[in-house]
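Engineer: sequence plus the predicted model coming up.
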Amino acid sequence: MMNDTYCVAQPTRAEIDALAGPALLEFGTGWCGHCRATQAPLAAALAQHPGVPHIRVEDGPGRALGRSFKVKLWPTLIFLNDGQEVARLVRPLDSREIEQAFALIDA
């Protein structure tokens, strides 16, 4: 299910690493044009994977979680399985590309 709010209060890296099963971690901000451009294709892909948790994290300088994943550009989508990174997309605009990454974590 599409989560439409970026969380300012961030989970810790330990909490992310402890996740069980598939999850999508999205780094960005609500005011970022690139982030807004990704939302339609991301929503289309997420609709096909309603059981995958979608964690939207507001990123920026000094934000520990984004730095721990070495996020440089927004949005960055990190596809996780059991807390481990399986795939990463930076500024995706194609729902097929997003769907291919989902297929790696949610068969």
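Structural biologist: Sure, I can see it.
Engineer: only C-alpha atoms for contact and neighbour calcs from this point on.
Structural biologist: OK.
Engineer: quick one: contacts of the lengthiest helix in the chain?
Structural biologist: The residue-count maximum for a helix in the chain (DSSP state H) belongs to helix 33-47. Contact with helix 33-47 is made by 1-2, 28-30, 52, 74-75, 91-96, 98-99, 102, as judged by CA atoms under 8 Å, 6 or more residues apart in numbering.
Engineer: could you pull up phi and psi at W74?
Structural biologist: Phi and psi for W74, reported as degrees, to the nearest 10, are phi -110, psi 150.
Engineer: what's the mean pLDDT across stretch 30-44?
Structural biologist: On average, the pLDDT along stretch 30-44 is 95.
Engineer: related to what we said a few turns ago, buried ones in the longest helix of the chain, by neighbour count?
Structural biologist: In terms of neighbour count (16 or more other CA atoms under 10 Å), helix 33-47 has its buried residues at 34-35, 38-39, 41-46.
Engineer: let's see which of the contacts of helix 33-47 end up in helices.
Structural biologist: Reading helices off the contacts of helix 33-47 with DSSP H, I get 95-96, 98-99, 102.
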